[in-house]
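S.K.: Build me a structure from this.
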Amino acid sequence: MQQRLYETFAEMLKTKQVSEISVVALTKQAGVSRGTFYMYYADIPHFVDQLERTLFMHLGRAHADNLQTAIKATALAPNPEIAYPIFEKLMATINDYYPLFRGLSGPNGDPHFWKMFETEMTSSLFSALPETLENTLYLDDIPVDYVMPIFMSSILTIIRHWLLKINPEPYQEVAKIITESRYVEPYNLFKASDE
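M.R.: Prediction:
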């Protein structure tokens, strides 16, 4: 039942704003009775809130621990092959729920979703970060409380760009892009080829 509601909701977001989706329309299209819907959710805002919490839970602590490993790999071993599997797992999880992430991130989705997603990922990463890593792996010129937002913002920007593309690449390609971006200084992205 819940999966049908999620799939139908993602489909409806292709043509309707979240605020335009009613319980009647959602349950009818999903083939779920309104009574069943109301057993679990008070209304559409409650449904959306619970859906977003479910998505964040799936990303959860395991990926925070994995991203911690990615930070170590990036800082200590300049070898993309070490970090790639970590980003591939993150992207695989998002890909498992791609229609929902895309719908909620898009123009018809929840305008607060992406900020909540960013906050959730950054705060869970900070909470998983051991103090030794927090105090030793960063540039002296950048305060530690700026490091996680810098690290996460570029990753999240790549993910959101992928979610909103008309013809998105396979998630494995996006994982490669994220991985390579960890090893390229930003100004090098704009350098013209010598050839």
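S.K.: How about Ile177: what's its closest non-neighbour residue?
M.R.: Ile158 (5.9 Å; C-beta to C-beta, 6 or more residues apart in numbering). Glycine gets a C-beta too; all of them are placed from N, C-alpha and C.
S.K.: What distance do you get for the one you found to Pro143?
M.R.: Plainly put, Ile158 is 24 Å away from Pro143 if you go by C-beta to C-beta, to the nearest Å.
S.K.: More neighbours: the two, which one.
M.R.: Ile158 (17 against 9; other C-beta atoms under 10 Å).
S.K.: which strands and helices sit next to the one helix or strand that one maps to?
M.R.: Here Ile158 is covered by helix 144-164, with elements defined by DSSP states H and E. Contacts defined by 3 or more C-beta pairs under 8 Å, 6 or more residues apart in numbering; DSSP states H and E place helix 144-164 against helix 80-96, helix 98-105, helix 113-128, helix 171-182.
S.K.: quick revisit: wouldn't the residue nearest to Ile177 be in contact with Lys176 here?
M.R.: No. Using C-beta atoms under 8 Å, Ile158 makes no contact with Lys176, being 10.6 Å away.
S.K.: Just the C-alpha atoms of stretch 92-112, please, in CSV.
M.R.: These are the backbone C-alpha positions of stretch 92-112, laid out as CSV (Å, rounded to 0.1, in the frame of the first residue of the first chain):
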residue,chain,number,x,y,z
ALA,A,92,22.7,3.6,-5.6
THR,A,93,20.5,4.4,-2.6
ILE,A,94,19.3,7.6,-4.1
ASN,A,95,18.7,5.8,-7.4
ASP,A,96,16.6,3.2,-5.6
TYR,A,97,14.2,6.0,-4.8
TYR,A,98,15.0,8.1,-7.9
PRO,A,99,11.4,9.1,-8.9
LEU,A,100,10.7,10.4,-5.4
PHE,A,101,13.9,12.3,-5.0
ARG,A,102,13.4,13.8,-8.5
GLY,A,103,9.8,14.7,-7.8
LEU,A,104,10.4,16.2,-4.4
SER,A,105,13.5,18.1,-5.7
GLY,A,106,11.8,19.4,-8.9
PRO,A,107,9.6,22.5,-9.6
ASN,A,108,6.4,20.7,-8.4
GLY,A,109,8.0,19.2,-5.3
ASP,A,110,8.4,20.4,-1.8
PRO,A,111,10.2,23.7,-1.8
HIS,A,112,11.8,22.8,1.5
